[in-house]
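J.: Structure for the following, please:
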Amino acid sequence: LHALKEVIVTLSDTSSKGTIVAEDYNRILQILLEHAKNEEEGIRNVVAECLGKLVLMGPEDILVELEAATGSENSYLRATVATSVRFAVLEKPHPV
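T.: A predicted model of the protein is given here:
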């Protein structure tokens with residue numbers, strides 16, 4: 001999970017030359033959403049940071065998937081998705 005985070009952080013850097021292809025976004029998203037249900041808060045925080053960065057660099061489909069996840073019965077998943085919004089906003093500040 002930490003290795004995946006490092007890849008996402010590196011690729012989200014604007015000076016990075018790497019990209020993620022669309023099919024990889026879906027695989028990464030599914031891995032992260034599965035780990036978002038973990039009982040360990042530290043794991044969920046790493047997932048939330050990854051999701052926040054992924055939303056900023058990925059296709060709109062990711063945002064749709066995250067919005068759908070807010071309706072999940074799993075409270076850990078809902079909380080992780082909500083926390084990912086914070087990471088997305090912190091990463092790319094918007095005017096108030």
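
J.: For Pro39, which three-state class applies?
T.: Rather than Pro, residue 39 is Glu. What DSSP: H, G, I helix; E, B strand; the rest coil gives for Glu39 is coil.

J.: Now the nearest residue to it once chain neighbours are set aside. Its backbone dihedrals?
T.: The shortest distance from Glu39 to any non-neighbouring residue, by Cβ to Cβ, 6 or more residues apart in numbering, is to Tyr76 (6.8 Å). Just so you know, the C-beta spots here come from the backbone N, C-alpha and C atoms, and that holds for glycine as well. Backbone geometry at Tyr76, expressed as degrees, to the nearest 10, gives phi -60, psi -40.

J.: Now do the same contact list for Tyr76.
T.: By Cβ atoms under 8 Å, 6 or more residues apart in numbering, the residues touching Tyr76 are Ala36, Lys37, Asn38, Glu39, Arg44.

J.: which stretches of the protein form helices?
T.: With DSSP state H, the ranges of helices along the chain come out as 2-12, 22-35, 41-57, 60-69, 75-91.

J.: Give me the distance from the fourth one to the chain's centre.
T.: In other words, helix 60-69. 10 Å (Cα atoms, centre = their mean, to the nearest Å).

J.: Tell me which other helices or strands it touches.
T.: Packing partners of helix 60-69 (3 or more Cβ pairs under 8 Å, 6 or more residues apart in numbering; DSSP states H and E): helix 22-35, helix 41-57, helix 75-91.
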